[in-house]
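Peer 1: Following is a predicted model, sequence given first.
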Amino acid sequence: MINAINLTNVKVFGEMEFWFAIIKVIAVVAMIIFGGWLAIQWQRRPAGDR
């Protein structure tokens, strides 16, 4: 896939880099939110479940 991106023209390459960067940012934000949710859920469990 990386070779296919490198063989395209500059306009397509730039567009694909832009969208891949957006996907990366969304993934990082989603992981941070999910981690926060897990931390909150872990703290909210009753003491007998630990």
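Peer 2: Noted; the coordinates are in hand.
Peer 1: mind checking the backbone torsions on T8?
Peer 2: Backbone torsions of T8, given as degrees, to the nearest 10, read phi -80, psi 170.
Peer 1: Spit out the contact partners of it.
Peer 2: M16 (C-beta atoms under 8 Å, 6 or more residues apart in numbering). C-betas here are computed from N, CA, C, even on glycine.
Peer 1: For it, give me the pLDDT.
Peer 2: The model reports T8 with a pLDDT of 76.
Peer 1: next one: the one 3 residues further on
Peer 2: The model reports K11 with a pLDDT of 86.
Peer 1: element containing it, please.
Peer 2: Element membership for K11, per DSSP states H and E: helix 10-44.
Peer 1: Tabulate the CA atom coordinates of stretch 24-31 in CSV.
Peer 2: Coordinates of each C-alpha in stretch 24-31 appear next as CSV, following Å, rounded to 0.1, in the frame of the first residue of the first chain:
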residue,chain,number,x,y,z
LYS,A,24,-4.6,9.0,13.2
VAL,A,25,-5.8,12.0,15.2
ILE,A,26,-9.3,10.5,15.5
ALA,A,27,-7.8,7.2,16.6
VAL,A,28,-5.6,8.8,19.3
VAL,A,29,-8.6,10.8,20.6
ALA,A,30,-10.8,7.7,20.7
MET,A,31,-8.1,5.8,22.7
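Peer 1: What's the mean pLDDT across it?
Peer 2: 99.
Peer 1: got it, and stretch 37-50?
Peer 2: 78.
Peer 1: Enumerate every residue touching I23.
Peer 2: Neighbours of I23 in contact, by C-beta under 8 Å, 6+ apart: none.
Peer 1: pLDDT value on I5, please?
Peer 2: Looking at I5, its pLDDT reads 69.
Peer 1: Okay, buried residues for the helix holding K11 please.
Peer 2: Neighbour counts using 16 or more other C-beta atoms under 10 Å place no residue of helix 10-44 among the buried ones.
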